[in-house]
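**Student:** Okay, structure incoming, though there's no sequence with it:
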């Protein structure tokens, strides 16, 4: 805003000067017009040439933890190189380029390059890596983890996990994913009002994830490989003038899995079925998706604008089927087809009209259409259960489809200079095939008030009510085993929802600002006898920013969230005979101080965050069984930093980060690979860590 004002002032002064000179020349009086060719606006210089920053340093991590380094790349004990840079060039004739590199010494590194000539063309090149560390406590006796074939060492198979030689054959295996993405793009303006864009992205994902396989009543946790390649292309052409805007675009995606299946040896011996020695799992199949989209916008009148978007797509998947089983003793009827020949057609459309009817009243109407037409052919298949039995009945694949129609109406009215009221109505209708509900519709009414009081209080209040109903609920006859007819899946069940939110911010003084927020929602599934019957959520938080002095600032924040749900179930395929309640509580708080010790020379700061969460599960039955133990997580994080400016363009930076984390989960804690006699587990435990990080770097600005 300041620069724009300076430019306007400079332009106005230049215009007035030229006008005065012209007037003097016309009358033959006054001095000659000044030579303005060397005039400059010293208050608003235009940046030219090369500029940027370079930062280099190192960090040391005290302990190894995949949970601590889950996304930041600091998962191993030891030293790390820290490197960041940013460079800008502005040349003549609007030529420019930007280069940015971040986290160059970590597995979360990125590099972005952009250059071209403003108003003519733009070139893009980017590279990104992301590492997701999932677990460093998994153990398995299988050989070949990370590949598509898992074998067992000597001593297997065995009747139970306690009979297996686990003490000598277990080996640790890390579960993690590494994603790399290389992208390039070009944008150019071939003519006035026209712009075209083409971009390409090549992404690879490599690593290992957990899965499981079973033989009859035995099961094993397995490490499955991840070796995915995704190629994506975007191309578009757009036109823009004063009243009309249009864009035509294409998007294409091709996914390839270099490991289409996982085979594993059965670690359990089953005397009655000696041939059940090897199993096979299908992994994500190769697939493609192509979409063509058009976007239109037209200024119908000075205050009214209409927009329309439509996208038509097709997804296909035709990976060859795996053999029904590797158990050669089973006589399996031939498959009706060699591949799925899957095809899904999609149509997405959006039509909207916005109108500022008066200076106070604005109206909006929108219609949204989404259609997923699954054209995959149906076939009836014989199938094998756990590589040991040919099932007595056949199954038919169900090509799920749906059509969604949504209508939205909204009105915004400026009731007073600082108060705006809004109200709206949303209608949502969904038609489904091969699901329990053929048609469901939902009506939502909402209102909102936003007001500013005396320039120091901003208040926003919103309330919404929605009612969802379905035409009829009938279990799908093709699903085996059949569902309890009293069951209602929550996403298709009758439901009423009440929700509200409150936002308030206060400028208490010139140096203190306060923010408050409160959200609440209540879902009622009173017509569901079995399934989810109610759900509630509350979220309350606040923050304070306080400028203690010109040198010191303080910020505080806190938030509490509660999520509660109730459900009913039946153990006897009949009326409800048990009830369950889930309650999750999350508390999050923090504080931070920043202080300028020496102006333009040394500043320091500290940030602290506190997180506690608890999940409570209780079940009420006729036998009055005890509740499950609580699930919990605890996290404390402290960060200290200091910046010392050696020169105007050289800064020394130092930081210290301490974080401790602990969690409890009854589902995994204490469960070793041999705890369950017929289930071979990874033996993973809930994450726990105490980690110290020390970092130092030098930042140079040029």
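**Tutor:** It's in. These numbers were taken from a predicted model, which means no experiment stands behind them.
**Student:** what lines up beside the helix or strand residue 643 falls within in the sheet?
**Tutor:** For residue 643, the enclosing helix or strand under DSSP states H and E is strand 631-647. Here strand 631-647 has these sheet partners by DSSP bridges: strand 602-621 (antiparallel), strand 650-664 (antiparallel).
**Student:** May I have the beta-bridge partners of residue 132?
**Tutor:** residue 177.
**Student:** what does residue 115 give?
**Tutor:** Note on residue 115: beta-bridge partners by DSSP bridges are residue 97, residue 123.
**Student:** right, and it touches residue 90 too?
**Tutor:** No. Counting by Cβ atoms under 8 Å, residue 115 stays clear of residue 90, with 11.0 Å between them. In this view, the C-beta of every residue, glycine as well, is placed from N, C-alpha and C.
**Student:** Can you pull the residues that touch both of those two?
**Tutor:** residue 96 (Cβ atoms under 8 Å, 6 or more residues apart in numbering).
**Student:** what's the closest non-adjacent residue to residue 494?
**Tutor:** In this structure, residue 494 finds its nearest non-sequential neighbour in residue 527, 4.4 Å apart by Cβ to Cβ, 6 or more residues apart in numbering.
**Student:** What is the least confident helix or strand in the chain?
**Tutor:** Ranked by mean pLDDT, DSSP states H and E, the weakest helix or strand in the chain is helix 2-27, scoring a mean of 34.
**Student:** ok, the next helix or strand after it: who's next to it in the sheet?
**Tutor:** Under the assignment DSSP H and E, the closest C-terminal helix or strand after helix 2-27 is strand 49-61. Sheet pairing of strand 49-61 (DSSP bridges) gives strand 78-90 (antiparallel), strand 688-701 (antiparallel).
**Student:** Okay, buried residues for the last one please.
**Tutor:** Along strand 688-701, the positions that meet the burial threshold by neighbour count (16 or more other Cβ atoms under 10 Å) are 689, 691, 693, 695, 697, 699.
**Student:** How confident was the prediction at the fifth one?
**Tutor:** Read it as residue 697. pLDDT recorded at residue 697 is 98.
**Student:** For the closest residue to it other than its chain neighbours, give its distance to residue 653.
**Tutor:** Once flanking residues are discounted, residue 697 sits nearest to residue 57: 2.5 Å by Cβ to Cβ, 6+ apart. Counting by Cβ to Cβ, to the nearest Å, the gap from residue 57 to residue 653 is 7 Å.
**Student:** Any chance you could list residues touching both of those two?
**Tutor:** Here residue 57 and residue 653 have 695, 696, 697, 698 as joint contacts, going by Cβ under 8 Å, 6+ apart.
**Student:** For these, give me TSV that also has distance to residue 200.
**Tutor:** Below are the shared contacts of residue 57 and residue 653 laid out as TSV (distance: Cβ to Cβ, whole Å):
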residue	distance to residue 200
695	36
696	39
697	34
698	37
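**Student:** and the nearest residue to residue 280 once chain neighbours are set aside, how many neighbours?
**Tutor:** Among residues not flanking residue 280 along the chain, residue 263 sits closest, at 4.8 Å (Cβ to Cβ, 6+ apart). Using other Cβ atoms under 10 Å, the number of residues around residue 263 comes to 17.
**Student:** doesn't residue 150 make contact with residue 263?
**Tutor:** Yes. Assessed by Cβ under 8 Å, residue 263 is found in contact with residue 150 at 7.0 Å.
**Student:** Show me which positions of stretch 509-527 end up buried.
**Tutor:** Using 16+ other Cβ under 10 Å as the burial criterion, the residues of stretch 509-527 that qualify are 513, 514, 517, 519, 520, 521, 523, 524, 525.
**Student:** Those in strands, which ones?
**Tutor:** Judged by DSSP state E, these include 513, 514, 517, 519, 520, 521, 523, 524 as members of strands.
**Student:** is it true that the second one touches residue 506?
**Tutor:** Yes. Proximity of residue 514 to residue 506 meets the contact threshold set by Cβ under 8 Å, at 4.5 Å.
**Student:** isn't residue 414 right up against residue 356?
**Tutor:** No. Look at residue 414 against residue 356 with Cβ under 8 Å: they stay out of range, at 10.5 Å.
**Student:** Tell me where the chain has helices.
**Tutor:** Using DSSP state H, the helices found in the chain span residues 2-27, 166-169.
**Student:** follow-up on the earlier one: let me have the strands paired with strand 631-647 in a markdown table, extended by mean pLDDT, distance to residue 130 and mean neighbour count.
**Tutor:** Shown next, in a markdown table, are these (pLDDT from 0 to 100; distance: least, Cβ to Cβ, whole Å; neighbours: other Cβ atoms under 10 Å):
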| stretch | mean pLDDT | distance to residue 130 | mean neighbour count |
| --- | --- | --- | --- |
| strand 602-621 | 96 | 23 | 15 |
| strand 650-664 | 97 | 20 | 16 |
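**Student:** Reformat the ones you listed into CSV and put distance to residue 404 next to each item.
**Tutor:** Shown next, in CSV, are the strands paired with strand 631-647 (distance: least, Cβ to Cβ, whole Å):
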stretch, distance to residue 404
strand 602-621, 33
strand 650-664, 39
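**Student:** circling back to that earlier point, return the per-residue confidence for the residue nearest to residue 697.
**Tutor:** pLDDT for residue 57: 97.
**Student:** Now for it: which residues touch it?
**Tutor:** By Cβ under 8 Å, 6+ apart, residue 57 lies in contact with 81, 82, 83, 653, 695, 696, 697, 698.
**Student:** again, only this time at 7 Å
**Tutor:** 82, 695, 696, 697, 698 (Cβ atoms under 7 Å, 6 or more residues apart in numbering).
**Student:** how close does it get to residue 651?
**Tutor:** Counting by Cβ to Cβ, the gap from residue 57 to residue 651 is 11 Å.
**Student:** Also residue 59?
**Tutor:** 17 Å.
**Student:** where in the stretch 1-150 of the chain is pLDDT low?
**Tutor:** By pLDDT under 70, the weakly predicted segments of the stretch 1-150 of the chain are 1-47.
**Student:** Same check on the chain?
**Tutor:** In the chain (pLDDT under 70), the answer is 1-47.
**Student:** list the buried ones in the strand holding residue 643?
**Tutor:** Applying a neighbour-count criterion of 16+ other Cβ under 10 Å, one finds 631, 632, 633, 635, 637, 639, 641, 642, 643 buried in strand 631-647.
**Student:** for stretch 311-323, same thing?
**Tutor:** Neighbour-count burial for stretch 311-323, counted by 16+ other Cβ under 10 Å, picks out 311, 313, 315, 316, 317, 319.
**Student:** any idea which of those is closest to residue 285?
**Tutor:** Of all the buried residues of stretch 311-323, residue 285 sits closest to residue 319, with 3.5 Å by Cβ to Cβ.
**Student:** Any chance of the backbone angles for that closest one?
**Tutor:** Here is the backbone geometry of residue 319 (degrees, to the nearest 10): phi -70, psi 140.
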